[in-house]
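Student: Show me the folded form of this:
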Amino acid sequence: VALQGNFIKFAPAKLPESKVMRLNRMYPGSQVKPALDFILVPKPKTSRVGGRDLADAEVLQWAQGVIDAIFAD
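Tutor: Next up, the predicted model:
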């Protein structure tokens, strides 16, 4: 898990089509890069419009939520 521009990068990320659909539904604007084995999820904000970027423990909790929702079996 790493910051990459306006995205959070999760790697390695080999996802079946059902998980890709779930990712796009839950985290609009996400990008899947199967050839490079990672996904990019837009940085989380406190609000979709005009919100501030989450920081520190908030980002870690959010990232754990992504892992639980997308990568867990």
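Student: Now stretch 16-25: buried residues?
Tutor: The neighbour-count criterion (16 or more other CB atoms under 10 Å) identifies 19, 20, 23 as the buried residues of stretch 16-25. Bear in mind the C-beta positions are built from the backbone N, C-alpha and C, glycine included.
Student: Let me know the closest of those to residue 42.
Tutor: Compare each of these with residue 42 using CB to CB and the shortest gap goes to residue 23, at 11.3 Å.
Student: secondary structure class for the closest one?
Tutor: Under DSSP: H, G, I helix; E, B strand; the rest coil, the three-state class of residue 23 is helix.
Student: and of the buried residues of stretch 16-25, the nearest to residue 73?
Tutor: residue 19 (10.0 Å).
Student: separation between the closest one and residue 34?
Tutor: In this structure, residue 19 lies at 12 Å from residue 34, with CB to CB, to the nearest Å as the measure.
Student: Could you do residue 10 as well?
Tutor: Residue 10 sits 13 Å away from residue 34 when distances are taken as CB to CB.
Student: Tell me which of these two has more neighbours.
Tutor: Neighbour comparison, residue 10 and residue 34: the larger count goes to residue 10, with 20 against 11 (by other CB atoms under 10 Å).
Student: Isn't the more buried one up against residue 38?
Tutor: Yes. With contacts counted by CB atoms under 8 Å, residue 10 reaches residue 38, the gap being 6.3 Å.
Student: Can you tell me the SS state at the residue of the chain positioned farthest from its centre?
Tutor: In terms of distance from the mean C-alpha position of the chain, residue 50 ranks first, at 19.5 Å (CA atoms, centre = their mean). Under three-state DSSP, residue 50 falls in the coil class.
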